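> okay, here's the prediction I keep looking at, along with the sequence it came from:
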Amino acid sequence: MLALLNGLVFDGSGETPLRGTVLIDGDRIVDVGSVPYPQDCQTLDCTGLAIAPGFIDLHSHSDLQVLEDRMEKVKQGVTTEVVGNCGFSPFPQAGDPKTLHEFGAGILGKADDWGWATAREYLEQAGRTATKLHVAPLIGHGSLRIAVVGMRQEAPSASELDQMSGLLSDALDAGCPGFSTGLMYAPGSSAGKNELEHLIKVVARKGKMYATHMRSYSSGLLDAVREQLDLARATGCRLQISHLQAAGRANWGLQKPALAEIEAARAQGMDVEFDIYPYQCGSTVLTQWLPQWAMDGGTEKLLGRIIDPSTRKQLLKEMTAMLAQLWSDVTISAVGSDANADYVGMNIQQIADLRHADPAETVLNLLTEEQTKINVISFNQSEENLHELIAHPLCTIISDGFYVKGKAHPRLYGTFPELLGTVVREKAWVALPEAIHKITAKPASRLKLKNRGLLKKDYFADVTIFDAGHVASRSTYETPALDPLGIVRVIKDGRTVYGDGPGVV
Ligand SMILES: [Zn+2]
C-alpha cells in the first residue's frame, strides 16, 4: 500500500480541495480524506503539494511516439493520452503503405516504417510498448477513407461506404473510444453529408465520441460549426469540437456567435462540448494555406499544379483571398532538407523579403523545394478570445501536440504546466480546482472512461502530484524542448512513472 499524506487533494470534480490522505493499494485508490493507513504502508509526505488525478490529454498526435515511451507528456503530469485526432490514425492500413505515410507523416512525425492493419493490432502494440501512460486511440476518418477509397476526392460508392462502416465498427469494438474527422485535410476533406452521417451513426450507436477538426476555423467558422451540430442532431452522437477558435485577425469576431450556436444546441439537449490548447499560436502544415482542390490526388498532383502556369496563377489568387493572418504570422517550424534548414524560426514574410519575392509565390516555391513537407506555427488567436474559451464551462484543455523534425510547438512540452502556471496562477482566468477538472474528470467523461479522472474510492490510481506555487512550463517557441517545473511525481495505476518527490519513506 502507498499513502500520500498531508497534500491538498483536488479530486477532479472542480470542488474546493481538502487536506488529507490518498490511500492506494495495487492499481486502485482505496480511500481519500482523513483516513487511517496501515503501519507498514509506504508513505509519501506531500506537505505543501497538490494531489490531483493524472491528467488526460484529450487531443494529441503522439500515436507513434507513445509506443516508444517518449516522456514529454508524462513529465507534464499526463497519464492518459488520446491519439488519432483530426482524421489521422496509423490504422487501418491497407494496400500500398506509401499512401497512408504520405497522408500522415506531417502530423504523426514519422515519414515511414509505421502502420497497422487494424485498431486491434495497434492497441496490442500499445499494450506491449506504451508503458508510461494509457493510450486511447480514436480511429481517424482520413486514414479510414484512404484504406478503402485511396486518395480519390469523390464520394465513396455504396459498397465502399459499407466497407468503411465495417472497419469503423470493428475499431470501436476493439477498444477505440471514438472517431475523428479532419475536414481541412485531403482526402478526408472531400467527405460530404451522406458519408459523414453514415459513419457517425455507427459511432452514436456504439455510444462513442465523435471529435472533429471542422471544415473551417477562419471565415467559414460559423458554417462549419452548424454543419457539425446538424450532424450531431441527425445522428445523436456525443460531439467534441476539436481546438475551437476563430483563427486569424480578420475572424476574431466570429468566436462569440460560434459559442452562441454551441450553447443553443446544449440548451436543446445535445451533448456537444469543445476543447482548446492554452496558446495563441497554432501548429500545422503549410499546405493548409492552399485551397482544398489543390490537394486532390496527393502530393505529386499538387506539385504538378504548382508548376503549371495557369493553375499556379489560380492558386496564388485563392491563397491571397483566403488569407486571414499576415504572412508574418506564419513561421516555419520544420523542413526536410538541409538547404532550407536556416528558415526554421523565420516567418514567410521574412523569407520572401530575403528572396526578393512575393510571399504567396514563396510559399509555392518552398512547397516545391520540400516536396510539400513543411510544418508551421501560426499566430491565430487573440488573448481575449483565448481567455473566453479557456474559462468556458464546456471547454476541456488539450495539448494538440505533435512531433516535428525541427522545432515543435511548445504545447508538446508544456501545455499542462502552462495551464496551471500562467493561466491559473498568473492570469487567474480559471481557479485551480476548475482547471484541474478541465484536464481530468471532464475529458474522462467525454471519453466515458470507467473509473478514471477522479480521486475517489475504487478508481484507478492515476495520480499527479505537483507544486501549485511553482508549476510552470519553460518551453518557448525559440527553445521548445525544455522540461517543465513543479511536477513532482506521476503515478499510473499505482506505479510511479515519473519523479521521486520528497519524503519517500
Ligand atoms: Zn486538428
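Structure received.
> mind checking the SS state of the residue in the stretch 251-400 of the chain positioned nearest to the ion?
Taking CB to the ion, the ion has its nearest neighbour within the stretch 251-400 of the chain at residue 400, 6.4 Å off. Heads up, the C-betas are built off the backbone N, CA and C, glycines and all. Secondary structure, DSSP: H, G, I helix; E, B strand; the rest coil: residue 400 is coil.
> what do you get for residue 4?
Strictly by three-state DSSP, residue 4 counts as strand.
> tell me the contacts of it?
Contacts of residue 4 were listed using CB atoms under 8 Å, 6 or more residues apart in numbering, and they are 21, 22, 23, 24, 43, 44, 46, 51, 463, 465.
> if we go to 6 Å?
Listed by CB atoms under 6 Å, 6 or more residues apart in numbering, the contact partners of residue 4 are 22, 44, 46, 51.
> paired strands for the helix or strand containing the first one, with orientation please.
Right, residue 22. Residue 22 is located in strand 18-25, with elements delineated by DSSP states H and E. Here strand 18-25 has these sheet partners by DSSP bridges: strand 2-9 (antiparallel), strand 28-33 (antiparallel).
> comparing those strands, which comes out most buried?
Among the strands paired with strand 18-25, the stretch with the highest mean neighbour count (mean count of other CB atoms under 10 Å) is strand 2-9, at a mean of 22.
> can you pull the pLDDT of the residue in the stretch 1-150 of the chain that the ion sits nearest to?
Relative to the ion, the nearest point of the stretch 1-150 of the chain is residue 86 (3.3 Å; CB to the ion). We have a pLDDT of 98 for residue 86.
> equivalent analysis for residue 299, please.
On the pLDDT scale, residue 299 is placed at 87.
> which non-adjacent residue is nearest residue 482?
residue 474 (4.1 Å; CB to CB, 6 or more residues apart in numbering).
> surely that neighbour is in a helix?
No. Applying three-state DSSP, one finds residue 474 to be coil, outside a helix.
> can you get me a residue count around it?
17 (other CB atoms under 10 Å).
> surely residue 452 forms part of a strand?
No. In this structure, residue 452 is coil, not part of a strand, as judged by three-state DSSP.
> ok, it to the ion distance?
To the ion, residue 452 is 24 Å away according to CB to the ion, to the nearest Å.
> and that residue, how many residues sit next to it?
Here the count is done by other CB under 10 Å, and residue 452 has 23 residues near it.
> kindly report the same for residue 162.
13.
> and residue 288, by the same measure?
For residue 288, using other CB under 10 Å, the count is 18.
> what's the answer for residue 354, then?
Close neighbours of residue 354, defined as other CB under 10 Å, add up to 12.
> what residues sit buried inside stretch 108-126?
Residues of stretch 108-126 classed as buried: 108, 109, 114, 115, 116, 118, 119, 120, 121, 122, 123, 126 (neighbour count, 16 or more other CB atoms under 10 Å).
> lowest-confidence one in those?
Here the lowest pLDDT out of the buried residues of stretch 108-126 sits on residue 109, with 92.
> can you pull the contacts of that residue?
Applying CB under 6 Å, 6+ apart, the residues near residue 109 are 402, 403.
> and residue 103, by the same measure?
residue 146.
> now stretch 145-152, how far from the centre of its chain.
Relative to the chain's own centre, stretch 145-152 is displaced by 23 Å; criterion: CA atoms, centre = their mean, to the nearest Å.
> actually stretch 165-172, not the one I wrote
In this view, stretch 165-172 has its centroid 22 Å away from the chain centroid, taken as CA atoms, centre = their mean.
> buried residues of that stretch, list them for me.
Applying 16+ other CB under 10 Å to stretch 165-172 flags 165, 167, 168, 169, 171, 172 as buried.
> same question, stretch 230-244
So, applying 16+ other CB under 10 Å, buried residues of stretch 230-244: 231, 232, 235, 237, 238, 239, 240, 241, 242, 243, 244.
> try stretch 31-43
31, 32, 37, 43.
> need those residues in TSV (columns: pLDDT and distance to residue 253).
Formatted as TSV, these follow (pLDDT from 0 to 100; distance: CB to CB, whole Å):
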residue	pLDDT	distance to residue 253
31	97	50
32	97	45
37	92	55
43	95	55
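> could you report the neighbour count for the closest residue in space to residue 123 that isn't next to it in sequence?
Leaving aside its sequence neighbours, residue 123 sits nearest to residue 175 (CB to CB, 6+ apart; 5.3 Å). Neighbour count of residue 175, defined by other CB under 10 Å: 16.
> distance check, residue 175 against the ion.
For residue 175, the distance to the ion - CB to the ion - is 22 Å.
> what about the residue of the stretch 201-350 of the chain found nearest the ion, how many residues nearby?
For the stretch 201-350 of the chain and the ion, the shortest gap (CB to the ion) falls at residue 213, measuring 3.5 Å. Number of residues near residue 213 (other CB under 10 Å) recorded here: 27.
> okay, and the beta partners of it?
residue 182.
> could I get the full set of helices for the stretch 101-250 of the chain?
Secondary structure of the stretch 101-250 of the chain by DSSP state H, counting those that start in this stretch: the helices cover 119-129, 141-149, 158-174, 193-205, 221-235.
> before we move on, what about the stretch 401-505 of the chain?
Using DSSP H, counting those that start in this stretch, helices in the stretch 401-505 of the chain cover 411-418, 432-437, 441-447.
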